[in-house]
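Colleague: What follows is a predicted protein model with its sequence.
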Amino acid sequence: MPFATSPSDLPDRDAILVRSGLEFIEDMIAGRLPVPPIGRTLGFAPTEAARGRVVFEGAARFEAMNPMGGVHGGWYGAILDSCMGCAVMTELAQGELYTTLEFKVNITRALPLDLSVRATGLVQHRGRSTAVAMGELRGVEDGRVYATGSTTCLVMRPG
């Protein structure tokens, strides 16, 4: 799965709008479209997609540590925002886009560095102009919940 390495690698609006949201995510996972560079920077990527559900996998590395020696809360937020937002994207028809209006993260325990995790996003509601999803971050080996989240997204139909 290739990551984008420059702005020109990222799909333009037309490349997004000619696909359904599910097709877009599936094309990233299959390597037909590049994965956004934030995934390379933060150490996670999408691995599964179905209508209303997306899974990201990864691990927090040393670069994600805060000054107190723990994984920065922003890392939890980034992987959860990604899986929840992409889950919403899988519900979009061709010609629709979304953006996150708000998201919330509840960190339930400290995440050890380099622990393989799976973040699963599930759509709870898809309306005409908004969508709501929830997310859960679990350790792959230990099955423990490290954080949960929720998001509200705006659904747009440009042009």
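Modeller: Cool, got the structure.
Colleague: Strands along the protein, start to end?
Modeller: Counting by DSSP state E, the chain has strands at residues 44-50, 53-58, 97-107, 117-126, 130-139, 145-156.
Colleague: Thought R118 was touching E141, still the case?
Modeller: No - counting by Cβ atoms under 8 Å, E141 stays clear of R118, with 10.3 Å between them. The way it works is simple: take the backbone N, C-alpha and C, and place the C-beta from them, glycine included.
Colleague: TSV for the strands of the chain, including mean pLDDT and distance to R32?
Modeller: Rendered in TSV, the data for the strands of the chain read as follows (pLDDT from 0 to 100; distance: least, Cβ to Cβ, whole Å):
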stretch	mean pLDDT	distance to R32
strand 44-50	97	13
strand 53-58	98	16
strand 97-107	97	19
strand 117-126	98	21
strand 130-139	98	24
strand 145-156	98	24
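Colleague: So for N66, which of those sits nearest?
Modeller: Shortest separation from N66 across the strands of the chain is recorded for strand 97-107, at 11.7 Å, computed as Cβ to Cβ.
Colleague: need the contact list for the residue nearest to L113 when sequence neighbours are not counted.
Modeller: Among residues not flanking L113 along the chain, A60 sits closest, at 5.8 Å (Cβ to Cβ, 6 or more residues apart in numbering). Residues counted as contacts of A60 (Cβ atoms under 8 Å, 6 or more residues apart in numbering) are L42, G43, V71, W75, L111, L113, D114, L115, V117.
Colleague: Return the distance of the third one relative to F62.
Modeller: Distance of V71 to F62, given as Cβ to Cβ, to the nearest Å: 10 Å.
Colleague: one step back: may I see the PyMOL selection of the buried members of the contacts of A60?
Modeller: Typed into PyMOL, the line below selects the buried ones among these, using 16 or more other Cβ atoms under 10 Å:
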select buried, resi 42+43+71+75+111+115+117
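Colleague: Alpha carbons of stretch 106-124, in PDB - could you do that?
Modeller: Taking C-alpha atoms only, stretch 106-124 is exported to PDB below (Å, rounded to 0.1, in the frame of the first residue of the first chain):
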ATOM      1  CA  ASN A 106     -12.000   8.800  25.600                       C
ATOM      2  CA  ILE A 107      -8.600   7.300  26.500                       C
ATOM      3  CA  THR A 108      -9.200   4.300  28.800                       C
ATOM      4  CA  ARG A 109      -5.600   3.200  29.400                       C
ATOM      5  CA  ALA A 110      -2.100   4.100  28.500                       C
ATOM      6  CA  LEU A 111      -1.000   2.700  25.100                       C
ATOM      7  CA  PRO A 112       2.400   1.000  25.100                       C
ATOM      8  CA  LEU A 113       4.800   2.100  22.400                       C
ATOM      9  CA  ASP A 114       5.000  -0.200  19.400                       C
ATOM     10  CA  LEU A 115       1.900  -2.300  20.500                       C
ATOM     11  CA  SER A 116       0.000  -3.300  17.400                       C
ATOM     12  CA  VAL A 117      -3.500  -1.800  17.500                       C
ATOM     13  CA  ARG A 118      -6.700  -2.000  15.500                       C
ATOM     14  CA  ALA A 119      -9.000   1.000  15.300                       C
ATOM     15  CA  THR A 120     -12.500   0.200  14.000                       C
ATOM     16  CA  GLY A 121     -14.900   2.800  12.900                       C
ATOM     17  CA  LEU A 122     -18.700   2.100  12.600                       C
ATOM     18  CA  VAL A 123     -21.400   4.300  11.200                       C
ATOM     19  CA  GLN A 124     -24.300   4.800  13.600                       C
END
